[in-house]
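K.L.:
What follows is a predicted protein model with its sequence.
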Amino acid sequence: MLKYSKKTKTLCNMESFKLDILIVEDNLSFSLELAILVNDIGYNVIGPVDNAKEALELIYGRKPDIILMDHEIKGDMMGIELGEKIQHLNIPILYITSFGDDEHYNRAKKSNMIGYLVKPIEKISLRTALELSVQNAYLKSKETGQEKPATNNQFLSKECLFIKKNGTFHRLAIAAITYIMSNDNYSEIFTSDGGSFIARTPLSKLEEMLPAEDFMRTHRQYIIRLDKVDVIELYEGFIKIGGEKLPITRDKRRELSAMLKILK
């Protein structure tokens with residue numbers, strides 16, 4: 001998946017869209033090994049850290065997407081206790097342990113546990129666990145009615161669109177999307193920083209997934225984010241977003257006109 005600036009046409013990797021994984025592990029050699037595995041899979045590593053104090057600083061400062069946390073960590077707080085302390089943040093936690101007993105498992109379940117890994121950990125099992133963590137976080141959001149329809153490659157969870165590419169998920173804030181343009185069975189998503197990237201999903205599917213109160217299908221080839229519109233020209237049938245002129249169908253002109261009257 002690539003991102004580029006329309007103005008400079010410069011291609012670059014989607015590094016800024018990778019999920020951030022915090023590693024909390026008190027065994028230095030294993031934490032470094034874990035960090036290498038996470039990087040190899042395609043995610044960003046935060047840390048590693050070996051105690052709750054430093055972990056809390058990173059959790060509140062960096063807001064990780066997933067936490068890989070050992071039961072046994074340094075300091076006055078165990079891994080599960082740390083998980084219980086941050087339960088209100090709803091960050092998915094993959095617990096790591098050298099022993100898989102029911103007591104630890106049942107307690108971990110009460111602290112946003114998404115998965116439970118027993119050492120030693122192989123790359124394939126970690127990749128699967130991380131992927132399931134994202135998917136399970138989405139399923140958890142379904143229980144609260146926050147979800148939108150999902151496809152095989154992407155879904156919404158809270159305020160983000162998660163897109164799967166080459167076995168890893170990338171996160172894009174819904175608020176960063178300015179408009180989306182159809183390209184056959186693909187869609188090009190443009191963002192407020194002037195960049196864009198390709199999603200292997202038809203525009204019709206994205207229309208179903210995105211919040212209707214924030215987005216509008218103004219044309220068979222375009223979806224726009226309403227609060228990103230700079231200019232609306234109803235007579236000539238176009239809008240402007242970030243300097244780009246995008247067409248509006250006649251039906252959508254009437255709908256936008258009605259919305260403007262409500263706002264007056």
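P.N.:
That came in fine, so what should we check first? Numbers count the residues shown, from 1 in each chain.
K.L.:
ok, R253 to S204 distance?
P.N.:
Taking CB to CB, to the nearest Å as the measure, R253 and S204 are separated by 21 Å. For every residue, glycine as well, the C-beta is placed using N, CA and C.
K.L.:
More neighbours: these two, which one.
P.N.:
For R253 versus S204, neighbours defined as other CB atoms under 10 Å are more numerous around R253 (19 against 12).
K.L.:
Leaving out the residues flanking it, which one is nearest to that one?
P.N.:
L234 (5.1 Å; CB to CB, 6 or more residues apart in numbering).
K.L.:
Tell me, how many residues neighbour the one you found?
P.N.:
Neighbour number of L234 under other CB under 10 Å is 15.
K.L.:
distance of it from R254?
P.N.:
Taking CB to CB, one finds L234 at 9 Å from R254.
K.L.:
For the stretch 51-200 of the chain, give me the ranges with low pLDDT.
P.N.:
99-113, 137-158 (pLDDT under 70).
K.L.:
ranges for the strands of it?
P.N.:
Assigned by DSSP state E, counting those that start in this stretch, the strands in the stretch 51-200 of the chain fall at 66-70, 93-97, 113-118, 154-157, 160-165, 168-173, 177-183, 186-191, 195-199.
K.L.:
Run through the residues that contact the residue nearest the centre of the chain.
P.N.:
The residue lying closest to the centre of the chain (CA atoms, centre = their mean) is R171, at 2.9 Å. The contact partners of R171, by CB atoms under 8 Å, 6 or more residues apart in numbering, come to 17-19, 65, 160-162.
K.L.:
rerun at 7 Å
P.N.:
Residues in contact with R171 (CB atoms under 7 Å, 6 or more residues apart in numbering) are 17, 19, 65, 160, 162.
K.L.:
Can you point out the buried residues in stretch 76-84?
P.N.:
By 16 or more other CB atoms under 10 Å, the buried positions in stretch 76-84 come out as 77-80, 82-84.
K.L.:
L58 versus the residue nearest to the centre of the chain, what's the distance?
P.N.:
Relative to L58, and taking CB to CB, R171 is found at 17 Å.
K.L.:
returning to that earlier point: select, out of the strands of the stretch 51-200 of the chain, the one closest to K240.
P.N.:
strand 177-183 (10.6 Å; CB to CB).
K.L.:
So what are the sheet partners of the closest one and their directions?
P.N.:
strand 186-191 (antiparallel), strand 222-225 (antiparallel) (DSSP bridges).
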